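Trainee: Next come a sequence and a model predicted from it.
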Amino acid sequence: MFTRYIAKTVLMALALGCSFAWGAKPAKEPKPYGPVPTEQQVKWLRMEWYAFVHFGLNTYTNREWGYGDESPQLFNPADFDADAIVRTFKEAGMKGMIYTAKHHDGFCTWPTKSTAHNITKSPWKNGKGDVVREFATACQKHDFAFGTYLSPWDRNCAEYGRAGYLKVYYKQIEELLKNYGPIFEIWFDGAMGGDGYYGGAREGRNIGNADDYYNYTQVVRNIRRLQKDCIIWGAAGRGDVTWAGSEKGFARHYPLWNTNNNKWLSLEADTPINHRGWFWHPGQGDHVKNPEHLMQVYLSSVGRGANLILNLAPNRDGQLDPADVAALQAFGKMRRELLAKDFALNAKGKASSVYGKKLTASRLTDDNIETYWCPKKDDKTPSVEITLEKPATFDVVRLREQIRLGQRVEAFQVEAWVDGAWKTIVEPGQPGEKEDHFDGIRGGKGHTIGNQVLRWLAAPVTTDKLRLTITRSKAVPCISEFSLLLMPGATQPEPVAADTEDPGVLNPAGWSFGGFAVDKAPLAFDGNPDTMWEINRCPSHIRIDMQQEHEISGFAYLPRQDGKTQDMTSRYRLETSTDGQNWTTASEGEFGNLRANPVEQVITFTPQKARYIRFFSTAALDGSGSSVAELKIYGK
Ligand code: FUL
Ligand code: CA
């Protein structure tokens, strides 16, 4: 398989080379247009999807962003099995995994020499453990790509924000790239904001311009020297791949271009398989995304020409959550079935024109991603008619461009011959239109193609004749594949018994409220994520009188869900009281990663008796107000 891939690549390179060499004669193949991907980027795009694994001290503290003062003693998985995790990913059809070797809390899960805040201080394997090594070894054994996430932001390091930290950070990059075999991708997260432990200083640190501070030009140069095939994510746009713009797993905006300032820059969409967040949280088994949702994620990432990185977080034992695994398997099956049969395979093609003798319409249906159809330059709306071997029913159209020659197509149309007439089944996209979120998942228009585009039709179509028209293109189009697929039904995963019982949610009926913006307080308890308690001051609070005493063990806070970060409460203090006079602080802290992933935040604490509760909003993400979309109180 791999040798075939190499052979094709070499042939392709030769073919391109020839057309340059004989510049004087009419070119047999078009010249590349605009920026083209590197060989590594091509290979990477063809991986389509892989796993993200967030596993570290946050797993044990129930947090998304650790502060940096967490004890390494907490890290002690009883049953960590990297091999089993990798097998699960591979069986689902994934092509690799990326592990958070260090998250923002600064704890290094390998025995680094760069900082004392590392796994040698953990009880796990008597300080002899190395999570990076175990994942790397399992991946190599299963011929599975291995990558790493190394947070630039380090809330533990005393030197963070100063020059001293860079030595530490560069050393960490070097250790990971030198000692663990091939790394297919390294992640440089963009988060870098604000306060942390910083060696005991417990203060805010501002690094100014990240590109200047980390010196990404140098970082990229170092990485290329250590591992030239490693795909670099982020690095202020100096790498090979960038964020697709949401943590919901969709590539923000379709049409999607892989080009940025004369450079090929591909996109990667990231999302956790669980609504709870990136790290494992108790009770998350009830919050897993279902296979239909995951298929939407797939269609709006891979299906728009980006790659998808899907997170599965090991729990405190070091095992994947059974509910996450069940969802992954169900989606993996659905994807496999979707791709299993291409009804257009070996269809006969007739093109409105052909660029050179070899670039014929039948190249579209030969199941060869390298061969392509290309029309004549003066053919302004080139089209191809294909006739299937026999009539078929399908509801997904897939197109691929020969990206080695650059990304060209801006819009396309697909028609089917039904009842003796052409019927448009994919409308051509118009200039200025944009799909966001999950728009266009069914019945979307035809805009860009790139590595691949998947369009799920509004309804299934039965026919044996289709017509593809390229309605707009930046240069003569080079289309390598035209496929027709059928979306399978989802198999619902077997219900999995929740790992820990979710504490009971108290019914807020009959409660009375005090504090600020009292009239709006009920909106935080109405079960409607679209309404909220909101006030233009911070700190401020909601006071709750539950009318009777309960044993309170935690709460869940849902940040505003309207897409705004203005006045979004990002720090809290929760106080309890039995008499409404004397208050005790049950818990206080920060909600991490709200900007990118404003999901429900669950906080638990030692159960305590209370009739009254005060929820304080002590800081906002942006602006100087406070807001709460929903607040649930756990207890009995
Ligand atoms: C974000 C981080 O802040 C999150 O914690 C998570 O690691 C995600 C993948 O990237 O920017
Ligand atoms: Ca082909």
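Mentor: Yep, it's here. Ligands and ions are numbered 1, 2, ... in the order given.
Trainee: Now stretch 345-363: buried residues?
Mentor: Judged by neighbour count using 16 or more other C-beta atoms under 10 Å, the buried positions of stretch 345-363 are 347, 349, 351, 352, 354, 355, 359, 360, 361, 362, 363. Bear in mind the C-beta positions are built from the backbone N, C-alpha and C, glycine included.
Trainee: hang on, I meant stretch 197-210
Mentor: Residues of stretch 197-210 classed as buried: 197, 198, 199, 205, 207, 210 (neighbour count, 16+ other C-beta under 10 Å).
Trainee: rewinding a little: what about ligand 1: which of the buried residues of stretch 345-363 touch it?
Mentor: Here nothing survives when the buried residues of stretch 345-363 are matched to ligand 1 using C-beta under 6 Å from any ligand atom.
Trainee: which of those sit farthest apart?
Mentor: Based on C-beta to C-beta, the longest span within these runs between 347 and 355 and measures 20.1 Å.
Trainee: per-residue confidence for residue 170?
Mentor: Note for residue 170: predicted pLDDT of 97.
Trainee: Three-state assignment for it, please.
Mentor: Here residue 170 takes the helix state, with states given by DSSP: H, G, I helix; E, B strand; the rest coil.
Trainee: my guess is it contacts residue 221, does it?
Mentor: No: counting by C-beta atoms under 8 Å, residue 170 does not reach residue 221; the two are 11.1 Å apart.
Trainee: Which one's more surrounded, those two?
Mentor: residue 170 (16 against 12; other C-beta atoms under 10 Å).
Trainee: Roughly how far does that one sit from residue 106?
Mentor: The gap separating residue 170 from residue 106 is 15 Å, by C-beta to C-beta, to the nearest Å.
Trainee: Would you mind listing what in the protein touches ligand 2?
Mentor: 363, 366, 368, 371, 480 (C-beta under 5 Å from the ion).
Trainee: and the two most separated of the residues you listed?
Mentor: 366 and 480 (9.2 Å).
Trainee: For these two, indicate the residue with more neighbours.
Mentor: residue 480 (24 against 18).
Trainee: how about that one, what does it touch?
Mentor: 363, 364, 368, 369, 370, 371, 372, 373, 400, 401, 402 (C-beta atoms under 8 Å, 6 or more residues apart in numbering).
Trainee: Would you confirm that residue 405 contacts residue 35?
Mentor: No: using C-beta under 8 Å, residue 405 makes no contact with residue 35, being 11.1 Å away.
Trainee: returning to that earlier point: any quick ChimeraX command for the buried ones out of the contacts of residue 480?
Mentor: Selecting only the buried entries of the contacts of residue 480 in ChimeraX, with 16+ other C-beta under 10 Å as the criterion:
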select :363,364,369,370,371,372,373,400,401,402
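Trainee: and the next element down the chain from the helix or strand that contains residue 392?
Mentor: Following DSSP states H and E, one finds residue 392 within strand 383-401. Sequence-wise, the next helix or strand downstream of strand 383-401 (DSSP H and E) is strand 409-418.
Trainee: What's the separation between residue 544 and residue 286?
Mentor: From residue 544 across to residue 286, the span is 24 Å (C-beta to C-beta).
Trainee: Same drill for the two, tell me which one is more crowded.
Mentor: Higher neighbour count among residue 544 and residue 286: residue 544, with 25 against 15, using other C-beta under 10 Å.
Trainee: residues in contact with the residue lying closest to the more buried one once chain neighbours are set aside?
Mentor: Closest residue to residue 544 apart from its sequence neighbours, by C-beta to C-beta, 6 or more residues apart in numbering: residue 613 at 4.4 Å. Shown in contact with residue 613 (C-beta under 8 Å, 6+ apart): 543, 544, 546, 552, 574, 575, 576, 577, 633.
Trainee: from these, which ones fall inside helices?
Mentor: Assigned to helices by DSSP state H, none of the contacts of residue 613 qualify.
Trainee: Now a PyMOL select for only the buried ones of those residues.
Mentor: Per 16+ other C-beta under 10 Å, the buried members of the contacts of residue 613 correspond to this PyMOL selection:
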select buried, resi 543+544+546+552+574+575+576+577+633
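Trainee: Nearest to ligand 1 among the contacts of residue 613?
Mentor: Comparing the contacts of residue 613 against ligand 1 with C-beta to the nearest ligand atom places residue 574 closest, at 22.7 Å.
Trainee: give me the beta-bridge partners of that closest one?
Mentor: residue 587, residue 615 (DSSP bridges).
Trainee: so it makes contact with residue 608?
Mentor: No: Residue 574 is beyond contact range of residue 608, at 10.5 Å (criterion: C-beta under 8 Å).
Trainee: ok, back up a step: among residue 405 and residue 35, which residue is more densely surrounded?
Mentor: Using other C-beta under 10 Å, the more surrounded residue of residue 405 and residue 35 is residue 405, with 23 against 16.
Trainee: wait, what's in contact with that one?
Mentor: Per C-beta under 8 Å, 6+ apart, neighbours of residue 405: 16, 29, 30, 31, 32, 33, 36, 478.
Trainee: Check the burial of the second one by counting its neighbours.
Mentor: Put plainly, it is residue 29. By the criterion of other C-beta under 10 Å, residue 29 has 20 neighbours.
Trainee: Show the model's pLDDT score for it.
Mentor: On the pLDDT scale, residue 29 gets 90.
Trainee: I'd like the numbering to begin with 21 instead of 1 from here.
Mentor: Got it, first residue is 21 now, which makes that one residue 49.
Trainee: Just the closest residue of the chain to ligand 1, please.
Mentor: Closest point on the chain to ligand 1, by C-beta to the nearest ligand atom, is residue 211, at 3.8 Å.
Trainee: Sitting in helices, which of the buried residues of stretch 217-230 do you find?
Mentor: Mapping those onto helices (DSSP H) picks out residue 230.
Trainee: ok, the buried residues of stretch 217-230 vs residue 485, which is closest?
Mentor: In terms of C-beta to C-beta, no member of the buried residues of stretch 217-230 lies closer to residue 485 than residue 230, at 53.6 Å.
Trainee: wait, the closest one sits on residue 239?
Mentor: No: using C-beta under 8 Å, residue 230 makes no contact with residue 239, being 10.9 Å away.
Trainee: Excluding covalently adjacent residues, which one is nearest to residue 613?
Mentor: residue 84 (4.7 Å).
Trainee: and the one you found, which of the three is it?
Mentor: Strictly by three-state DSSP, residue 84 counts as coil.
Trainee: I'd say it and residue 77 touch.
Mentor: No: applying C-beta under 8 Å, one finds residue 84 not in contact with residue 77, separated by 11.7 Å.
Trainee: and those two? which has more neighbours close in?
Mentor: Between residue 84 and residue 77, counted using other C-beta under 10 Å, residue 77 has the larger neighbour count: 25 against 22.
Trainee: tally of neighbours for the nearest residue to residue 149 once chain neighbours are set aside?
Mentor: Once flanking residues are discounted, residue 149 sits nearest to residue 139: 5.5 Å by C-beta to C-beta, 6+ apart. Neighbour count for residue 139, taken as other C-beta under 10 Å: 22.
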